[in-house]
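Trainee: Here you go, sequence then predicted model.
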Amino acid sequence: MSDPIYIKSDPLYDSNKYMGYFIIGLRGSGKSALVEKYAEKFYCDGRIVVDLWGASGRENLFWGVKGKTQYPCLIVHSPFVDVEIPKGQGKWYAAVSGDESVESIIKRAVLEKRVVCFDQNSYQGFEEECYKKVAEFLSELPRVNMDVVDGRMVVLVREASNLLFAHLKVNDYCKFTRAPFLSLIRESRHNRISFIIDSQRYKDVYSGVRENTDVLLIKRTPVTTLPDDMSWLPKKIKYLRRKAPFRFRYSLFPKLGELKPEEYYAVFPSTNIVKLNFDLPGFYHKREEDNFSRKTGILFKSNGRKPVNNVCRREDGVILFWFQLTQLRE
């Protein structure tokens, strides 16, 4: 085993490279904050960020909420809802219907320098249409990246197992997203796309994705969630801890299940390991109790439209009730 590596700066970010990051960790361990931190770096270096999937509660729409700073956001919403944006939020938020083509959405984001944020919450009751639109994004982004943004795109997918299950079948709609997701990941370097994905469990994401990432970033997670072929990792961390100065052993190389929210391990394909720290992104990072509509005043209201095939999985009144309820209780 190699000797410990001590690095103060972040060795993982290079705006001139096309990187694939895979982040794992327990719920509440800070995965999304780490996703956003790297995405913010790319955005500030002129990349086009497509925040394609977030956890419930519209966590991927908080780019425009002021923290130390804030960034203009383009919400891609369901064609079955209308979005009401208060005048005071017009600089930071704009909305576009999922009826629009991926190319036109990206062109607008480039023109207005906005982060593209897909709002899957607005597709409640129309899950098939939601997954089909995400599949369209995954299929079209490589071409649009080369034709429109000259290879400067970064794609974020939080809770990636929702789109690309391995042994776990999340729902029947993953069949629409699995193939284009795999294709995008495998061809990302050729198409000059960087991607950042996260999942609670390493094994929940298909191996074809795991094997095509440049670095694995591990937040607080139990050893039992690691696959058998990574059984060497806790042993190596233990070895590095023993090589470190005694008083700093556990601060430099803590156990996987004892990582603090600001700490994470970076594991490279060569099996080299570094432990790094990070700060929260500059824009507001969603907390569990936060409600997007209350925070911004932006409302999502059913417009009574139905899918093209004229099949509506919920009555319009139920959808409207759901939107009113979730705006209070996201």
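Mentor: Thanks, I have it.
Trainee: Kindly state the pLDDT recorded for residue 12?
Mentor: Looking at residue 12, its pLDDT reads 75.
Trainee: so what's it up against?
Mentor: Neighbouring residues of residue 12 by C-beta atoms under 8 Å, 6 or more residues apart in numbering: 19, 21, 38, 215, 217, 266, 276. For every residue, glycine as well, the C-beta is placed using N, CA and C.
Trainee: if I look at it, how far off is residue 149?
Mentor: Residue 12 is 23 Å from residue 149, where distance means C-beta to C-beta, to the nearest Å.
Trainee: Looking at the contacts of residue 12, which are in helices?
Mentor: Counting by DSSP state H, the part of the contacts of residue 12 found in helices is residue 38.
Trainee: Take the contacts of residue 12 and write them to TSV, including neighbour count and pLDDT.
Mentor: Shown next, in TSV, are the contacts of residue 12 (neighbours: other C-beta atoms under 10 Å; pLDDT from 0 to 100):
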residue	neighbour count	pLDDT
19	20	86
21	23	92
38	22	93
215	17	89
217	23	93
266	19	92
276	17	91
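Trainee: What residues sit buried inside stretch 132-151?
Mentor: 132-142, 144-145, 148-149 (16 or more other C-beta atoms under 10 Å).
Trainee: Also stretch 20-38?
Mentor: The neighbour-count check on stretch 20-38 (16+ other C-beta under 10 Å) flags 20-26, 29-38 as buried.
Trainee: do the same with stretch 117-132
Mentor: Across stretch 117-132, burial judged by 16+ other C-beta under 10 Å covers 117-126, 128-132.
Trainee: Pull the most distant pair out of those.
Mentor: 117 and 128 (21.1 Å; C-beta to C-beta).
Trainee: Run through the neighbouring helices and strands of the helix or strand containing residue 132.
Mentor: Using DSSP states H and E, residue 132 falls within helix 127-147. The contact analysis (3 or more C-beta pairs under 8 Å, 6 or more residues apart in numbering; DSSP states H and E) places helix 127-147 against strand 48-53, helix 102-112, strand 115-118, strand 153-157, helix 174-186, strand 193-199.
Trainee: Using TSV, lay out those together with distance to residue 76 and mean pLDDT.
Mentor: Shown next, in TSV, are the helices and strands packed on helix 127-147 (distance: least, C-beta to C-beta, whole Å; pLDDT from 0 to 100):
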stretch	distance to residue 76	mean pLDDT
strand 48-53	9	96
helix 102-112	6	97
strand 115-118	5	98
strand 153-157	13	95
helix 174-186	15	87
strand 193-199	18	92
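Trainee: Export those as a markdown table, with columns for distance to residue 247.
Mentor: A markdown table is the format used below for these (distance: least, C-beta to C-beta, whole Å):
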| stretch | distance to residue 247 |
| --- | --- |
| strand 48-53 | 41 |
| helix 102-112 | 49 |
| strand 115-118 | 43 |
| strand 153-157 | 38 |
| helix 174-186 | 42 |
| strand 193-199 | 33 |
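Trainee: Give me the pLDDT for the residue nearest to residue 152 when sequence neighbours are not counted.
Mentor: What sits nearest to residue 152 in space, not counting adjacent residues and going by C-beta to C-beta, 6 or more residues apart in numbering, is residue 47, at 4.9 Å. pLDDT recorded at residue 47 is 93.
Trainee: Let me see the contact set for residue 47.
Mentor: Residues in contact with residue 47, defined by C-beta under 8 Å, 6+ apart, are 15, 152-154, 194.
Trainee: go on, residue 71?
Mentor: Residue 71 is in contact with 40, 43, 63-64, 92, 114-115, 283, counting by C-beta under 8 Å, 6+ apart.
Trainee: That one: what secondary structure?
Mentor: Counting by DSSP: H, G, I helix; E, B strand; the rest coil, the backbone at residue 71 sits in coil.
Trainee: mind checking how far the nearest residue to it once chain neighbours are set aside is from residue 220?
Mentor: Once flanking residues are discounted, residue 71 sits nearest to residue 63: 4.7 Å by C-beta to C-beta, 6+ apart. As for residue 63, its distance to residue 220 is 25 Å (criterion: C-beta to C-beta).
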